[in-house]
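Colleague: mind folding the following:
(chains A and B)
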Amino acid sequence: MKWTCSFIFTSRKPPADAETVSQKLMHQAGMIDKLVSGVYSYLPHGLKVLQKVSDIIREEMNKSGAIEILMPALQPASLWKESKRYGKMGKDMIVFKDRHNREMLLGPTHEEVVSDIVRKYVKSWKNLPVMLYQIQTKYRDEIRPRFGIIRSREFLMKDCYSFDRTDLESEQSYFKMKQAYIKIFERCGLAVTIQTADSGVIGGKFSEEFVATGDCAELEIGHIFKLGTDYSEKLHIVYVDKDGNEKPAVMGCYGIGVSRIVAAIIEGNHDEKGIIWPVSVAPFIVTIIPVNMSDSNMVEIANKMYDELQSARIDILLDDREESAGVKFADADLIGIPYRIILGRKLSEGKVEILERKTKKSHDIAIENVKQFLISALKNPA
RNA sequence: CGGGGCGUGGCUCAGCCUGGUUUAGAGCGCCUGGUUCGGGACCAGGAGGUCGGUGGUUCAAAUCCACUCGCCCCGACCA
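Modeller: Numbering: from 1, shown residues only, chains lettered A, B, ... in the order given. Below you'll find the model as predicted:
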């Protein structure tokens, strides 16, 4: 991406109404835009981070045997009455009537819907176990949205549901998910602690939450539950076992706040200049900064290097704006791009400077070796 | 929902207490021209707000009063 063709707007100052680091930096870096309290748009490179996090989650979910589906945000209230959870969510649930005067709601979670799907199709012990997941937008009319994206009223969540035949099998599913979660957070560069938690409205027998260890007190970024047969009994999710008897499926559910992960990563990876993205989720891996856009030779080399790295599938941002070097450096720091290639004073010697955002280590590299340097650096990122 | 704070050009804010030289300011950003070109450059010129909204008090309201809308922070709840 070339900056002049992009839609990136940074600002020097954080918005006056932001308190939390991630909230300030996401605004300043131009990743998100607030529409109303607790509701945000993702701007291009904010979306890219969200997508990279989603991809990591998707990969690890698939590896653990979960199968991706996509369920609707719009749900009938009747299903929630059936599961006896209709009143439990209280005002967090956005309920309204459609034109036929039927009570509808915007899904704050999907146990009911996924259960409805499973009970329709799963009939035999041969169909189990199964784990279904989705990455989808949730709606919760939070009492108090806060900390920007960390607690919002509309947010992206990965939710997975396991259906097993026995408690032992369910334990195994739970364990698989727990391992997948550990892997996901590790790949996102997040340090987490796992603690047993109150199951709250979701209910069930046992739950553990994954809490990011950052500056911000919030997050909780993941929560896994052993649900037992509670939902199965209320919603009649049953299968016929080998012995010919109908039995309730044993359920588990596993959530990750995808948008919240993005904020948590920033909370744990930043300095006074801005965000320090781990390579795994950075909106761009490399930025090329020609310090003087009126130097046509420099611009030409920058463009060639951009093409070369682009074709090597390195996610790159060429800062081709007519701005001073200082502005470009400050923006690169703010946005948090892991590697910065500076075309400047050493260009006459055929060299460029490559600076690592995280370690602040600088390397003078011959132009022809840039691609190789980056490829090997990315294999083993700092 | 309870408690606290705040709404003035795109952004950050001053002015409000002690209404009237304010034709409403500053910095940043933006536009034009020029000079710069390795850490948010400089010079010159320019565009842009009726002060969240409504009602009231007054000869006079951004400034006082009432109501209202919105935003942020603390608390109870959640990924």
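
Colleague: need the per-residue pLDDT for the closest residue to RNA strand B within chain A.
Modeller: Nearest residue of chain A to RNA strand B: A:Gly344, at 1.9 Å (CB to the nearest atom of the strand). Where you see a C-beta, it was placed from the backbone N, CA and C, and this is true even at glycine. On pLDDT, A:Gly344 comes in at 95.

Colleague: which ones are touching it?
Modeller: Shown in contact with A:Gly344 (CB atoms under 8 Å, 6 or more residues apart in numbering): A:290-292, A:325, A:352-353.

Colleague: at 6 Å instead, please
Modeller: Contacts for A:Gly344 (CB atoms under 6 Å, 6 or more residues apart in numbering) come out as A:Val291.

Colleague: and A:Ser162, by the same measure?
Modeller: A:Ser162 touches A:131, A:173, A:252, counting by CB under 6 Å, 6+ apart.

Colleague: could I get the CA-only coordinates of the strand or helix carrying it as PDB?
Modeller: Using DSSP states H and E, A:Ser162 maps to strand A:154-164. The C-alpha coordinates for strand A:154-164 follow below in PDB (Å, rounded to 0.1, in the frame of the first residue of the first chain):
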ATOM      1  CA  GLU A 154     -21.200  -4.000  19.300                       C
ATOM      2  CA  PHE A 155     -18.100  -6.200  19.100                       C
ATOM      3  CA  LEU A 156     -16.500  -9.000  17.200                       C
ATOM      4  CA  MET A 157     -16.500 -12.300  19.000                       C
ATOM      5  CA  LYS A 158     -15.300 -15.800  18.200                       C
ATOM      6  CA  ASP A 159     -17.700 -18.200  19.900                       C
ATOM      7  CA  CYS A 160     -17.400 -21.900  19.800                       C
ATOM      8  CA  TYR A 161     -19.700 -24.600  21.000                       C
ATOM      9  CA  SER A 162     -19.000 -28.200  21.700                       C
ATOM     10  CA  PHE A 163     -21.400 -31.100  21.800                       C
ATOM     11  CA  ASP A 164     -20.300 -34.400  23.300                       C
END
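
Colleague: from A:Ala330, how far out is the nearest residue to A:Asn292 once chain neighbours are set aside?
Modeller: Among residues not flanking A:Asn292 along the chain, A:Met298 sits closest, at 5.9 Å (CB to CB, 6 or more residues apart in numbering). According to CB to CB, to the nearest Å, A:Met298 and A:Ala330 sit 20 Å apart.

Colleague: for A:Val114, same thing?
Modeller: 46 Å.

Colleague: who's more crowded, the two?
Modeller: Legend: neighbour count by other CB atoms under 10 Å for A:Val114 and A:Ala330, higher for A:Val114 (24 against 16).

Colleague: could you find the closest non-adjacent residue to A:Ile341?
Modeller: A:Ile288 (4.7 Å).

Colleague: burial count for that neighbour?
Modeller: Neighbour tally, A:Ile288, other CB under 10 Å: 26.

Colleague: got a list of what it touches?
Modeller: A:302, A:305-306, A:318, A:341.

Colleague: now secondary structure, pLDDT and distance to RNA strand B too, for those, in JSON lines please.
Modeller: Listed next are these as JSON lines, based on DSSP: H, G, I helix; E, B strand; the rest coil; pLDDT from 0 to 100; distance: CB to the nearest atom of the strand, whole Å:
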{"residue": "A:Ala302", "secondary structure": "helix", "pLDDT": "97", "distance to RNA strand B": "12"}
{"residue": "A:Met305", "secondary structure": "helix", "pLDDT": "98", "distance to RNA strand B": "14"}
{"residue": "A:Tyr306", "secondary structure": "helix", "pLDDT": "98", "distance to RNA strand B": "17"}
{"residue": "A:Leu318", "secondary structure": "strand", "pLDDT": "98", "distance to RNA strand B": "16"}
{"residue": "A:Ile341", "secondary structure": "strand", "pLDDT": "98", "distance to RNA strand B": "10"}
